[in-house]
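how would this look folded up:
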Amino acid sequence: MRPSLCCVPLFLLLLLQLAFARPLFPLPSKTKNGEKKPIQTFRPYNIAHRGSNGEIPEETAAAYLRAIEEGADFIETDILASKDGALICFHDVTLETTDVAERKEFANRRRTYEVEWFNTTGWFVVDFTLEELKTLKVKQRYSFRDQQYNGMFSIITFEEFISIALDAERTVGIYPEIKDPVFINKHVKWADGKKFEDKFVDTLLKYGYKGQYMSENWLKQPLFIQSFAPSSLVHVSKLIDSPKVFLIDDISVRTQDTNQSYWEITSDDYLAYIGKYVVGLGPWKDTIVPASGNFLMPPSDLVARAHAHNLQVHPYTYRNENQFLHFNFHQDPYAEYDFWIKTVGVDGLFTDFTGTLHRYQELTSPHRKDETANSLLLKISQMISAYEGL
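This next block holds a predicted model:
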């Protein structure tokens, strides 16, 4: 018999989804005295890229619950908007990772739109209402990954995503992306005249997210806002003080809103400018350490220059499969993490395999035991007493 990868929480989630077609909203904490274990801040952040999508279809409730179970510091998602203005968690503006192509009632919804400079054909999220999107089932993006969960889970909303983090038994951060804002603002209009970015921030504020990086409020509900669109980051900086991260694509890709090249947005002058609005960069990792013939070349100076501008660096994306690992790592994802954390010196990592990164970090930099002020004072007192007894 094939061993099941499902854990109890995942199984319960499946039963919940089959039994009830309702949103997930914050529930009381299950921890003692209402206090949750705080997020760790002493080692690079483990960022669950689209949830634990190496195991379970991306951006589903199950993928996020699995990532939390496996030790993620942050769960990451992409925010888009439906035809009727609902904010959803989905990576692409097209619905290729769902069963939409098999749904005859939606056959006439196939369109061609310009997306980030190129014509793209498919079924687009902006042509479906939230109710229609909820009828679709998500499938695994990569054929070489486990297919057993295909068709089990639905698209979730931004609010449902937030609820998953807030209901966790420990403090779990969220890392939502303002996805394709140029495209969304062109095709989706809200009755109150607000922009996509405004609705994004409204949702965060509704659930109490606020506070600069490492502030008391931030530590209670950790949040990084990310986007490839610098103008969106500048805009939301006027609306919310939570930390933001500027995502950087491959060297051949220009910014979707300002039409700037990779070289422009990674110059020292630009880092000084964008550093007024963001606390970090999220570069595609091959732009930091390029490869030739699947062997790594010498690292660029981007991480060092970002740190000189007081910017964190959270590269993407780390994956366990051999086809994603450079030959230098000898098919060992631990070796890849070791290189990026100890040699390159990054501050966070977007990974498809949260459990692998968590196990590596627990082996190399175990989670520190929580120490209260009283326990520290007791230790100091004991040291003084021992010294006086000499």
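
Could you use CA atoms for every contact and neighbour count after this?
Will do.

Just the mean pLDDT for the helix or strand encompassing Glu160, thanks.
If you go by DSSP states H and E, Glu160 is part of helix 158-166. Mean pLDDT, helix 158-166: 99.

Stretch 71-79 now?
99.

quick one, longest strand in the chain?
Secondary structure of the chain per DSSP state E: the longest strand is strand 74-81.

any idea which helix or strand comes after that one?
Sequence-wise, the next helix or strand downstream of strand 74-81 (DSSP H and E) is strand 87-89.

ok, now which ones touch the closest residue to Lys36 other than its chain neighbours?
Spatially, and ignoring its direct neighbours in sequence, Lys36 is nearest to Arg170 (4.7 Å; Cα to Cα, 6 or more residues apart in numbering). By Cα atoms under 8 Å, 6 or more residues apart in numbering, Arg170 lies in contact with 31, 36-39.

quick one on the thing from earlier: next, the angle from the helix holding Glu160 to strand 74-81.
Counting by axes from the mean of the first three to the mean of the last three Cα atoms, to 10 degrees, helix 158-166 lies at 170 degrees to strand 74-81.

shaky segments in the stretch 251-390 of the chain?
In the predicted model, the stretch 251-390 of the chain carries pLDDT under 70 at residues 368-390.

Would you map the strands across it?
Using DSSP state E, counting those that start in this stretch, the strands assigned to the stretch 251-390 of the chain run over residues 280-283, 291-292, 295-296, 312-313, 348-351.

Mind putting those strands into JSON lines with distance to Tyr270 and mean neighbour count?
Shown next, in JSON lines, are the strands of the stretch 251-390 of the chain (distance: least, Cα to Cα, whole Å; neighbours: other Cα atoms under 10 Å):
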{"stretch": "strand 280-283", "distance to Tyr270": "12", "mean neighbour count": "25"}
{"stretch": "strand 291-292", "distance to Tyr270": "25", "mean neighbour count": "12"}
{"stretch": "strand 295-296", "distance to Tyr270": "27", "mean neighbour count": "14"}
{"stretch": "strand 312-313", "distance to Tyr270": "15", "mean neighbour count": "24"}
{"stretch": "strand 348-351", "distance to Tyr270": "22", "mean neighbour count": "25"}
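
and of those strands, who's closest to Gln140?
Smallest distance to Gln140 across these (Cα to Cα): 15.9 Å, for strand 348-351.

Out of the contacts of Arg170, who's the most crowded?
Ile39 (18 neighbours; other Cα atoms under 10 Å).

Tell me, what's the model's pLDDT at the nearest residue to that residue once chain neighbours are set aside?
The shortest distance from Ile39 to any non-neighbouring residue, by Cα to Cα, 6+ apart, is to Thr171 (5.4 Å). Model confidence at Thr171, given as pLDDT, is 99.

Now Thr171. Its backbone dihedrals?
Backbone torsions for Thr171, taken as degrees, to the nearest 10, come to phi -70, psi 120.

Kindly report the same for the one 4 residues further on.
Note on Tyr175: backbone dihedrals following degrees, to the nearest 10 are phi -140, psi 70.

and the most centrally placed residue in the chain, what does it touch?
Central residue of the chain (Cα atoms, centre = their mean): Glu76, 1.8 Å from the mean position. Taking Cα under 8 Å, 6+ apart as the criterion, Glu76 is in contact with 47-51, 174-177.

what about Glu58, how many residues close to it?
With neighbours defined by other Cα under 10 Å, the count for Glu58 comes to 27.

again with the one 10 residues further on
Using other Cα under 10 Å, Ile68 has 26 neighbouring residues.

what's the spacing between whichever strand or helix holds it and its chain's center?
Element membership for Ile68, per DSSP H and E: helix 61-70. Mean-position distance between helix 61-70 and its chain equals 12 Å (Cα atoms, centre = their mean, to the nearest Å).

how much distance is there from stretch 223-235 to the middle of the chain?
13 Å.

re the thing from before, TSV please, covering the strands of the stretch 251-390 of the chain and showing distance to Ile251.
Below are those laid out as TSV (distance: least, Cα to Cα, whole Å):
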stretch	distance to Ile251
strand 280-283	10
strand 291-292	13
strand 295-296	16
strand 312-313	17
strand 348-351	19
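
Sounds good, over and out.
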